[in-house]
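> Got a predicted structure plus its sequence, pasted below:
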2 protein chains.
Amino acid sequence: MREFKRKLRVLLIDDNSDHLRGVKELITLESSYDVVSATTSANMGINLAKKYRPDIILMDINMPEKDGLQAIQEIEKLELGIKIIALSAYDDADLIFRAMKIGAKGYVLKTMASAQLIYAMDEVAAGKIYLPTALTSRFFEFFQKSFKEEEKVSSEENLLSYLTPREEEVLELLTQGSNYKDIAKKLFISDTTVKTHVNNIFQKLQVNEKTQAVLYAINNGFKKQRLAV
Amino acid sequence: MREFKRKLRVLLIDDNSDHLRGVKELITLESSYDVVSATTSANMGINLAKKYRPDIILMDINMPEKDGLQAIQEIEKLELGIKIIALSAYDDADLIFRAMKIGAKGYVLKTMASAQLIYAMDEVAAGKIYLPTALTSRFFEFFQKSFKEEEKVSSEENLLSYLTPREEEVLELLTQGSNYKDIAKKLFISDTTVKTHVNNIFQKLQVNEKTQAVLYAINNGFKKQRLAV
DNA sequence: TTTGTCCTACATCTTTGGATTGATAATTTG
DNA sequence: CAAATTATCAATCCAAAGATGTAGGACAAA
């Protein structure tokens, strides 16, 4: 079935010219893919991506001059719908995480069998995301670790829990950038009352200025607020 | 080989007592697992987790009274090393994402074949993370989408780019909760100079108070700073 | 050399923020 | 019921923040 479809166009970016050639030959053997261009330079790669608008890019992310992750980011920013598969020599959890975070649709190790690369391309071309099982585990480890750390910060004896409901309301308005007069209006109370609440908030959060209270709130779980300008 | 190892102890939490019974029978048939307890209540489940310290918990996350995600979070907080697999009737991307984020080691749909549940338990027991392929894709979609949105916010014509280097320094200290006098000391300049810089910052960020400038900075890419208390 | 930007600094004045103390009424809790 | 907590308001006082205008020196670009 596959052979009746139009060939998918592939761009290769890899600073190691030996590897580049190898992959190029490998793909050329596949009836369903066509290598439209190949380069050893990340910057050049970005230009070629604009010019040829390939379906898929295989991008080496361990390049010296300009790093591959950055190149992925720039190409993603163009929003050309090009699917990028990251190639790397390392199964580094952080690298995998970052690549996926910025929009890579797959991550394949250079040491893996060539069949796996082709399989990854098939999957990604079909709109899926492909990570080898071993890398998926590493990805999740990193993912969970990074969130666990965030949580620890916010669950360490949170002073916010001592606030009364009204104080929370006042603090929420503070985190939106309101001054005391505005808060008084919004809560239908006098501004001297606002001052009283704010003073109590300071006591409980162990700070002595508005800005510090707001920073404490933001860093300790109060949902991030957009400025109400 | 498996039959020589000690049986792994499993706790079941599912408010649907029919499903609970079914899963219990299923697992009891497996020579390598032992159901140590089962309950239809999330709160009870947390207590049972403390009491029995099972190796694995199968947790239904679509429960009415107390929701399963919250229960997972509370059990994770105990840090008992219990591996939790989320069970759900829905392949909702957001649910999957949240479950994995708070530390679930697997996510299995109730509609899936029983063999898959056992396989998931085997994988998770072995220290891996198990998501069915279809759910992994959904997870990644959601993952990438959530990061893409974050980026958009921070790349929208950022007023921070108009700041001079010195103004950036001042703003950074502001985001750490310093007042003007402190900033003056830290930068070895007079506090009237600090005021000048701050006024210029206000102009450029189109705000008129310290707190608003700090909020703008935090919401627009200035790296989050811990309070220097 | 001139123009412009940046960093520095000061004076003056008004507004806002923050500390402290004290007080009343309503609500909750033991 | 008594005690504690919460929400409200006020007066006073001092410190900090913010607005505005002015200005000199360093430095880079035109």
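Yep, that arrived. Residues are numbered from 1 along each chain as shown, chains lettered A, B, ... in the order given.
> Let me see the contact set for the nearest residue to A:Leu131 once chain neighbours are set aside.
Leaving aside its sequence neighbours, A:Leu131 sits nearest to A:Tyr107 (CB to CB, 6 or more residues apart in numbering or on different chains; 5.6 Å). (C-beta placed from N, C-alpha, C; glycine too.) For A:Tyr107, the contacting residues are A:Ile85, A:Ala86, A:Ser88, A:Ile96, A:Ala99, A:Met100, A:Leu131, A:Pro132, A:Leu135, by CB atoms under 8 Å, 6 or more residues apart in numbering or on different chains.
> what mean pLDDT does the strand or helix carrying the second one have?
Using DSSP states H and E, A:Ala86 falls within strand A:83-88. Strand A:83-88 comes out with an average pLDDT of 96.
> and it, what does it pack onto?
strand A:56-60, helix A:68-78, helix A:93-101, strand A:106-109, helix A:114-125 (3 or more CB pairs under 8 Å, 6 or more residues apart in numbering or on different chains; DSSP states H and E).
> give me that answer again for 6 Å
Using 3 or more CB pairs under 6 Å, 6 or more residues apart in numbering or on different chains; DSSP states H and E, the elements in contact with strand A:83-88 are strand A:56-60, strand A:106-109, helix A:114-125.
> hmm, back to that, may I see the contacts of A:Tyr107 organised as a markdown table, with neighbour count and distance to DNA strand C added?
Output for these, formatted as a markdown table (neighbours: other CB atoms under 10 Å in any protein chain shown; distance: CB to the nearest atom of the strand, whole Å):
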| residue | neighbour count | distance to DNA strand C |
| --- | --- | --- |
| A:Ile85 | 24 | 42 |
| A:Ala86 | 26 | 38 |
| A:Ser88 | 21 | 39 |
| A:Ile96 | 25 | 39 |
| A:Ala99 | 27 | 36 |
| A:Met100 | 23 | 38 |
| A:Leu131 | 24 | 45 |
| A:Pro132 | 17 | 49 |
| A:Leu135 | 22 | 45 |
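> check contacts around the residue sitting nearest the centre point of chain A.
With distances taken as CA atoms, centre = their mean, the residue of chain A nearest its centroid is A:Lys101 (2.9 Å). Contact analysis of A:Lys101 by CB atoms under 6 Å, 6 or more residues apart in numbering or on different chains lists B:Phe147.
> Go again with 8 Å.
Counting by CB under 8 Å, 6+ apart, A:Lys101 has contacts B:Phe143, B:Gln144, B:Phe147.
> Of those residues - the most surrounded one?
B:Phe143 (21 neighbours; other CB atoms under 10 Å in any protein chain shown).
> So that residue, which state does it fall into?
State at B:Phe143, reduced to three classes by DSSP: H, G, I helix; E, B strand; the rest coil: helix.
> For chain A, just list every one of the helices.
Remark: helices assigned in chain A by DSSP state H are A:17-28, A:42-52, A:68-78, A:93-101, A:114-125, A:133-155, A:165-174, A:180-187, A:191-205, A:210-219.
> what would these look like in CSV with mean pLDDT?
Listed next are the helices of chain A as CSV, based on pLDDT from 0 to 100:
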stretch, mean pLDDT
helix A:17-28, 93
helix A:42-52, 91
helix A:68-78, 88
helix A:93-101, 91
helix A:114-125, 93
helix A:133-155, 78
helix A:165-174, 90
helix A:180-187, 90
helix A:191-205, 90
helix A:210-219, 91
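> So which of these is the most surrounded?
Each of the helices of chain A was scored by mean neighbour count; the highest is helix A:210-219, a mean of 23, by mean count of other CB atoms under 10 Å in any protein chain shown.
> same for that one, what does it pack against?
Checking 3+ CB pairs under 8 Å, 6+ apart, helix A:210-219 ends up next to helix A:165-174, helix A:191-205, helix B:210-219.
> can you tell which of the ones you listed is closest to B:Ala38?
The closest of the helices and strands packed on helix A:210-219 to B:Ala38 is helix A:165-174. By CB to CB, the value is 38.3 Å.
> Near chain B, which residues of chain A are found?
Proximity of chain A to chain B, by CB under 8 Å from any CB of the partner chain, involves residues A:100-103, A:128-129, A:131, A:136-137, A:140-141, A:143-144, A:147-148, A:151, A:155, A:174-177, A:179, A:206-207, A:209-212, A:214-216, A:218-219, A:224-227, A:229.
> Now for A:Pro54, how many residues are close by?
22.
> B:Asn200 versus the nearest residue to A:Ile201 once chain neighbours are set aside, what's the distance?
Nearest residue to A:Ile201 in three dimensions, chain neighbours excluded: A:Glu167, at 5.3 Å (CB to CB, 6+ apart). Using CB to CB, to the nearest Å, A:Glu167 is found at 34 Å from B:Asn200.
> quick one: the closest residue to A:Tyr162 other than its chain neighbours from A:Ala217, how far?
Residue nearest to A:Tyr162 in three dimensions, not counting chain neighbours: A:Lys204, with 4.6 Å by CB to CB, 6+ apart. Using CB to CB, A:Lys204 is found at 11 Å from A:Ala217.
> coming back round to it: so the residue nearest to A:Ile201 sits right up against A:Lys204, yeah?
Yes - taking CB atoms under 8 Å as the definition, A:Glu167 is a contact partner of A:Lys204 at 7.4 Å.
> could I get stretch A:41-51 in PDB with only the CA atoms?
C-alpha atoms of stretch A:41-51 as PDB (Å, rounded to 0.1, in the frame of the first residue of the first chain):
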ATOM      1  CA  SER A  41      25.200  23.100   9.500                       C
ATOM      2  CA  ALA A  42      22.300  23.900  11.700                       C
ATOM      3  CA  ASN A  43      21.900  27.400  10.400                       C
ATOM      4  CA  MET A  44      21.900  26.100   6.900                       C
ATOM      5  CA  GLY A  45      19.400  23.500   7.900                       C
ATOM      6  CA  ILE A  46      17.000  26.200   9.000                       C
ATOM      7  CA  ASN A  47      17.200  27.900   5.600                       C
ATOM      8  CA  LEU A  48      16.800  24.600   3.800                       C
ATOM      9  CA  ALA A  49      13.700  23.900   5.900                       C
ATOM     10  CA  LYS A  50      12.200  27.200   4.800                       C
ATOM     11  CA  LYS A  51      13.100  26.600   1.200                       C
END
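> Pull the residues that contact it.
A:11, A:13, A:15, A:37, A:39, A:57, A:59, A:63, A:65-68, A:70-71, A:74-75, A:78, A:80, A:82.
> interface residues of chain A facing DNA strand D?
Neighbours of DNA strand D within chain A, by CB under 7 Å from any atom of the strand: A:164-167, A:187, A:189-190, A:192-193, A:195-197, A:209.
> can you list the residues you listed in TSV and add distance to B:Leu117?
Converted to TSV, the residues of chain A next to DNA strand D look like this (distance: CB to CB, whole Å):
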residue	distance to B:Leu117
A:Thr164	46
A:Pro165	43
A:Arg166	48
A:Glu167	47
A:Leu187	52
A:Ile189	56
A:Ser190	61
A:Thr192	62
A:Thr193	57
A:Lys195	59
A:Thr196	57
A:His197	52
A:Glu209	54
